[in-house]
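[1] Fold the stuff below for me.
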Amino acid sequence: MPAIDVAQAFYDVLRARGVTRIFGNPGSNELTMLKHLPDDIEYVLALQEGAAIAMADGFAQASGTLGVVNLHSSSGTGNAMGNLTNSAAAHVPLLVIAGQQSRRYVPLNAMLTNVDATRLADPLVKWATEPLRPDDVPLAVSQAALLAQSAPTGPVLVSVPLDDWARPMDAAEAAPLSTRRVAGAPVVADAAVDEIAAALDGARSPVLVLGPGVDTEAGWAATRALSERAGLPVWVAPSPSRAPFPTRHPHFRGILPTGLGAVAETLAAHDLVLTLGAAVFRYHQFVEGAPLAAGARLIGVTSDPAEAARAAMGELAVGDPVDAAARVSARVGRRASAPGEALVFDPAPPESNGAHSAPAILDAVDRAKPDDAVVVLEWTSADALWARLTFERAQSYYFPANGGLGWGLPAAVGVQLADRERPVIALIGDGAMQYTPSALWTAARYGIPVTFVICQNQEYGALQRFSRFMDVPDGGYLDLPGLDPVALARGYGIDSRRVDGLDDLEEVVRQAASATGPRLVVVTQQSQR
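    Model prediction:
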């Protein structure tokens, strides 16, 4: 029988899944995989695994394809797990290939053995495996990739011993793997769609709450049509990682608060809450109160049965929320425009001693950013304020879905690699920058034209707010004096400077569309004290 080596069969499987890039930081366990790297698949080098997985995450979300990341045994997987929490929460289809020691050495627990490799990343992956035979590696990778891209999408992990890649296997056994397909996006039953439409028609004051699961071009079209036909005001579900609705639409009302009682209070005027593509709900601050106003009903659609089961309330259908939105829109009756006022923001506080407020910085970015710009935000001073930004296209905003810092800077690199046509602006706090600054080196090496805006308040600003909320005294342990983001970025080869006025910031942001390489600018932000 004709033979093929395991590595070739592996790359054939990736090629069949549309993979053109692997992100990673290799060690000795992974070099044998790279030995066989084909010319049509690029290996994008990161300097640390947390950065690598966030780059793959951003790339997968922005491209709508499978992200592939190569991690070094248990230590590299461990380094990556902080950002893997964000990928899991965002349902990002990621294929993690973790290197393993040689099969002969694994039972001896030799140096760099990944002990119990399939359990290490649990519960952050949908499935993990370490094939019993070298011949099983391509099949395991194919199975993992198909699972990652089937609803609910999410990360998977395959651990591969270093001596498997060069082993020969039967070419006839590998050949069918390149033609495998799984239609992995079930839709909501017709009866449930009819029930949702009837509930909207019968409600006195229905409201629509959207989550990341509808942030696609089709999702924006479907939810906008539904909102306009049924006269629904639109809120974004708490702690959003995406912007699922145009922020200047007259029906847009903003982002729901993150406290249980606060959500109920915000939606108190509505007798029916329809959620689409959102967990119900991703709370953060603890605020006493009932999850929903007395007499109100919540119905919704999510692609994730686990999200549906753990919801604090409501009647949820499992299926594609975008498809459901389009079908409900076609069946619901027409009513007048959404009640209430369109979203209006308070004026930004003025400059004080050369420092600018978060709203003022956001407003400056919004005035200057190109219309098609993508914003990646990991600036916790502004995580509830991003609705000040104008988004008129799908896939224009990304935020770490589990709130773990160190994701935003490398994720912006991945997002820009996925879509070179849309300029990417990364709004990063000076504290968040310190988690994965090495991603700047990758941006410089590969000429990835992200515009990084570092907002420096020399403190963990979000924690300052939480300290007041939790009545925790200021002990100085949330201060970050002495950081020099400009010098740090220059050390990684990035063109960097500090600006004093917002006019200068606007000029830098305005040039994002014509940037040919990465740039970094630092703006001084007011303290959150």
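
[2] Leaving out sequence neighbours, find the closest residue to residue 365.
    Closest residue to residue 365 apart from its sequence neighbours, by Cβ to Cβ, 6 or more residues apart in numbering: residue 509 at 5.5 Å. Placement of C-beta: from N, CA and C, glycine included.

[3] and the gap between that neighbour and residue 373?
    Counting by Cβ to Cβ, to the nearest Å, the separation of residue 509 from residue 373 is 8 Å.

[4] same deal with residue 391?
    9 Å.

[5] what about the two, which has more around it?
    residue 391 (26 against 23; other Cβ atoms under 10 Å).

[6] Double-check that one against residue 242; I have them as touching.
    No - counting by Cβ atoms under 8 Å, residue 391 does not reach residue 242; the two are 9.9 Å apart.

[7] How about residue 30: what's its closest non-neighbour residue?
    residue 99 (4.0 Å).

[8] for the one you found, helix, strand, or coil?
    strand (DSSP: H, G, I helix; E, B strand; the rest coil).

[9] shaky segments in the chain?
    1, 458-459, 461-467, 469, 475, 477, 480, 529 (pLDDT under 70).

[10] for it, which helix is longest?
    helix 73-89 (DSSP state H).

[11] now the helices for the stretch 401-529 of the chain?
    408-418, 439-445, 461-470, 485-491, 502-510 (DSSP state H, counting those that start in this stretch).

[12] Pick the most deeply packed of the ones you listed.
    Ranked by mean neighbour count, the helices of the stretch 401-529 of the chain are led by helix 408-418 with a mean of 30 (mean count of other Cβ atoms under 10 Å).

[13] And that helix, what does it pack against?
    Helix 408-418 sits against helix 49-63, strand 374-378, strand 397-398, strand 424-429, helix 439-445, with contacts defined as 3 or more Cβ pairs under 8 Å, 6 or more residues apart in numbering; DSSP states H and E.

[14] For residue 69, which of the ones you listed is the nearest?
    Proximity to residue 69, assessed across these by Cβ to Cβ, is greatest for helix 49-63 (4.0 Å).

[15] following that closest one, which helix or strand shows up next?
    Using DSSP states H and E, the helix or strand that directly follows helix 49-63 along the chain is strand 67-71.

[16] which parts of that next one are buried?
    Of all the residues in strand 67-71, those buried under the rule 16 or more other Cβ atoms under 10 Å are 67, 68, 69, 70, 71.

[17] Paired strands for it, with orientation please.
    Counting by DSSP bridges, the strands paired with strand 67-71 are strand 21-24 (parallel), strand 94-100 (parallel).

[18] Which of those strands sits closest to residue 252?
    strand 94-100 (30.8 Å).

[19] Now find how far off-centre that closest one is within its chain.
    Offset of strand 94-100 from its chain centre (Cα atoms, centre = their mean, to the nearest Å): 19 Å.

[20] Residues in contact with the helix or strand that that strand is followed by: which ones?
    With elements assigned by DSSP H and E, the helix or strand that comes after strand 94-100 is helix 117-120. Contacts with helix 117-120, where a contact means Cβ atoms under 8 Å, 6 or more residues apart in numbering, come from 74, 77, 78, 98, 100, 114, 128, 129, 130, 157, 159.

[21] Surely the fourth one touches residue 155?
    No - contact criterion Cβ under 8 Å: residue 98 and residue 155 do not qualify, at 11.5 Å.

[22] of these two, who's got more company?
    residue 155 (30 against 27).

[23] Tell me which residues touch residue 298, please.
    So residue 298 contacts 272, 273, 274, 275, 280, 292, 313, 314, 315 (Cβ under 8 Å, 6+ apart).

[24] What about the fourth one, how many residues nearby?
    Residue 275 sits with 25 neighbouring residues when counted by other Cβ under 10 Å.

[25] Give the other helices and strands that the helix or strand that residue 197 is a member of contacts.
    Using DSSP H and E, residue 197 falls within helix 190-202. Applying 3+ Cβ pairs under 8 Å, 6+ apart, one finds that helix 190-202 contacts strand 272-276, strand 297-302, helix 321-331.

[26] Using neighbour counts, pick out the buried residues of it.
    Using 16+ other Cβ under 10 Å as the test for burial, helix 190-202 gives 192, 193, 195, 196, 197, 199, 200.

[27] What of stretch 306-320?
    Neighbour count says stretch 306-320 has 307, 308, 311, 313, 314, 316, 317, 318, 319, 320 buried, by 16+ other Cβ under 10 Å.

[28] who's in contact with the first one?
    Just to be clear, that refers to residue 307. 152, 279, 280, 316.

[29] Quick check: which element contains the third one?
    In this assignment (DSSP H and E), residue 280 forms part of neither any helix nor any strand.

[30] Give me the spatial nearest neighbour of residue 87, chain neighbours excluded.
    In space, and not counting its chain neighbours, residue 87 is closest to residue 57: 4.7 Å by Cβ to Cβ, 6+ apart.

[31] wait, doesn't that neighbour sit right on residue 67?
    Yes - counting by Cβ under 8 Å, a contact exists between residue 57 and residue 67, whose distance comes to 6.1 Å.

[32] list residues touching both of these two?
    92, 94, 414.

[33] Adding distance to residue 35, write the contacts of helix 117-120 out as JSON lines.
    Shown next, in JSON lines, are the contacts of helix 117-120 (distance: Cβ to Cβ, whole Å):
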{"residue": "74", "distance to residue 35": "22"}
{"residue": "77", "distance to residue 35": "21"}
{"residue": "78", "distance to residue 35": "25"}
{"residue": "98", "distance to residue 35": "17"}
{"residue": "100", "distance to residue 35": "16"}
{"residue": "114", "distance to residue 35": "20"}
{"residue": "128", "distance to residue 35": "25"}
{"residue": "129", "distance to residue 35": "23"}
{"residue": "130", "distance to residue 35": "20"}
{"residue": "157", "distance to residue 35": "22"}
{"residue": "159", "distance to residue 35": "18"}
